[in-house]
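Colleague: What shape does this take:
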Amino acid sequence: MIAVVARELEKRFGSTVGLNRIDLDIQAGSTTAILGPNGAGKSTLLRLIAGLARPSSGSIEVCGKSAHHRISRARVGFIGHATGLYPELTARENLLFAARLRSVSNASARVEEQLVEAGLTRAADRRTGGFSRGMAQRLSIAVGLIDDPEIVLLDEPFTGLDRTASDRLVERLMGLRQKDRTLVLVSHDVTLAARLADAAVVLRRGRIAHRESGGGLDPRDPRERLHGSLGPGRGVNALLAVLWKDLLTEWRSRDRAIAMLLFSMLMVVIFHFSLPGGATTATRAYAPGLLWVAYVFAALLGLGRSFAIELENDAIEGLARAPVDRGWVLLGKTIANLLILGFVQAVTACIFALVFEMNLLPIALELTGVVALGSLGLCSVGTFFAAIAVRTRLREVMLPLLALPFYTPVLIAASRATNALFETGSVPFEPIQFLIVTDASYLIVSFILSDFVLDE
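Modeller: Below you'll find the predicted structure:
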């Protein structure tokens, strides 16, 4: 049986050709070494198999389905150049996040197994930001194998490993071969590749220059080994995993919340001193608009940095490889962004009430509902565009340019509802109805289009 099939596969980066119309079959249960000089297209080929990039032309299938399909992603484990670790999480927490993201059954037990395999039991509760390169690489390998994938892609996995760790990895790869896993290994070490592989492909300038051949896939579906269901339950697991990870890393770093809070508080104070007469009846008429101006710019600041942690160590690849519709991943990020923004908004509202001498307690519940609906619209579309802008050079500029046109209707409705609440103590139904419809539309469209936003 053939595990990977590529036909007329081509990948271009502008005018540069990464892969040039290659045909490739990789037998299930085999170990294939991808060899060649730097720039030959080895890593590009692996990323296409892993579903991290889309071909410019041609096709690539994994186990009979497009490599980009979520079922294909469920079968593939990828270990790349970057570790993909979150430095604010411990080794155990990084593994637990990966296990939950990929819906591994009995995740805690599997995490402990991987810690033992990686020789990291003593460092399990240390944050990975302080790990050496070798320790981080060993943990990265454990993360890539957390769900016992049927196809394992390894891009220079021995980089940074000492002799003992390298020998341990060789033994582990031999064990995977005995379990009939399909291994695809990129390496510059021809001797090591010959020791492990029973087939080899040599790439030069994006073409196959030479190939040598020395399998069936495990007949059990991956769901029957370590994975849970491939249905909606797996999507919910991914959502909860991303939510847990984002809130935990923010709690430890407080990177976004403090910056957002200081920015919004500063805006409130500046508004107060810039208005003639300070806190007067006339100036309070501007209060709803001023409050939402502070909220929207705090949201843009936080959303712009929401994917920054994913860029460190290329952890965004782990999210992109999650074997679920990527809408679940973005939905988890959206909820985390909403909760962080909600905390900032609550504190800002208190400062706002003090500075403008307003008593918001009688309308606190209604105001919370209006702000929640408005913020959901900001975070749903903002998270979507933040995911698009994260790989661009001018991402700090791109996010406002993309998001502000879509923020306008949300801000108009939210400001009108807030103004009515401040003046009469009640909220008219029309702006609330508009916010509900707009939020639902943004969430649905973002979920449907999310499959395209985490690609290279």
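
Colleague: got the end-to-end distance for stretch 95-111?
Modeller: Terminal residues of stretch 95-111 lie 6 Å apart, using Cα to Cα, to the nearest Å.

Colleague: go on, stretch 179-187?
Modeller: End-to-end distance of stretch 179-187 (Cα to Cα): 22 Å.

Colleague: just stretch 299-309 next, same as before
Modeller: 17 Å.

Colleague: Quickly list what residue 213 is bridged to.
Modeller: residue 199 (DSSP bridges).

Colleague: Could I get the contacting residues of it?
Modeller: By Cβ atoms under 8 Å, 6 or more residues apart in numbering, residue 213 lies in contact with 27, 198, 199. (C-beta placed from N, C-alpha, C; glycine too.)

Colleague: State the phi and psi torsions of the second one.
Modeller: Its backbone dihedrals place residue 198 at phi -110, psi 10, with angles given as degrees, to the nearest 10.

Colleague: cool, and residue 59?
Modeller: Here residue 59 shows phi and psi, under degrees, to the nearest 10, equal to phi -140, psi 150.

Colleague: what pLDDT does residue 377 get?
Modeller: Looking at residue 377, its pLDDT is 95.

Colleague: quick one: contacts for the residue positioned nearest the centre of the chain?
Modeller: Per Cα atoms, centre = their mean, the C-alpha nearest to the average position across the chain is that of residue 319, at 3.5 Å. Contact analysis of residue 319 by Cβ under 8 Å, 6+ apart lists 101, 242, 310, 326, 329, 454.

Colleague: give me the element the closest residue to the first one other than its chain neighbours is part of.
Modeller: Meaning residue 101. Leaving aside its chain neighbours, residue 101 sits nearest to residue 241 (4.4 Å; criterion: Cβ to Cβ, 6 or more residues apart in numbering). For residue 241, the element it lies in under DSSP states H and E is helix 232-253.

Colleague: if we can go back for a sec, make JSON lines out of the contacts of residue 213 and add pLDDT.
Modeller: Listed next are the contacts of residue 213 as JSON lines, based on pLDDT from 0 to 100:
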{"residue": "27", "pLDDT": "88"}
{"residue": "198", "pLDDT": "85"}
{"residue": "199", "pLDDT": "86"}
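
Colleague: Quick check: of these, which lies closest to residue 368?
Modeller: Nearest to residue 368 among those: residue 27, at 59.1 Å, using Cβ to Cβ.

Colleague: would you list every one of the helices in the stretch 101-250 of the chain?
Modeller: 107-118, 133-144, 163-178, 190-196, 232-253 (DSSP state H, counting those that start in this stretch).

Colleague: Can you list the low-confidence ranges for the stretch 351-456 of the chain?
Modeller: The model of the stretch 351-456 of the chain has pLDDT under 70 over residues 456.

Colleague: that older thread, pick the most buried one from the helices of the stretch 101-250 of the chain.
Modeller: helix 133-144 (a mean of 23; mean count of other Cβ atoms under 10 Å).

Colleague: Now do the residue nearest to the centre of the chain against residue 332, distance only.
Modeller: In this view, residue 319 and residue 332 are 9 Å apart by Cβ to Cβ, to the nearest Å.

Colleague: now swap in residue 411 and tell me
Modeller: Separation of residue 411 from residue 332 (Cβ to Cβ): 25 Å.

Colleague: Neighbour count for those two, which is higher?
Modeller: It is residue 332, of residue 411 and residue 332, that has more neighbours when counted by other Cβ atoms under 10 Å, with 26 against 18.

Colleague: Quickly list the domain ranges of this protein.
Modeller: 2-224, 232-452 (automatic domain parsing).

Colleague: Thanks a lot, see you next time.
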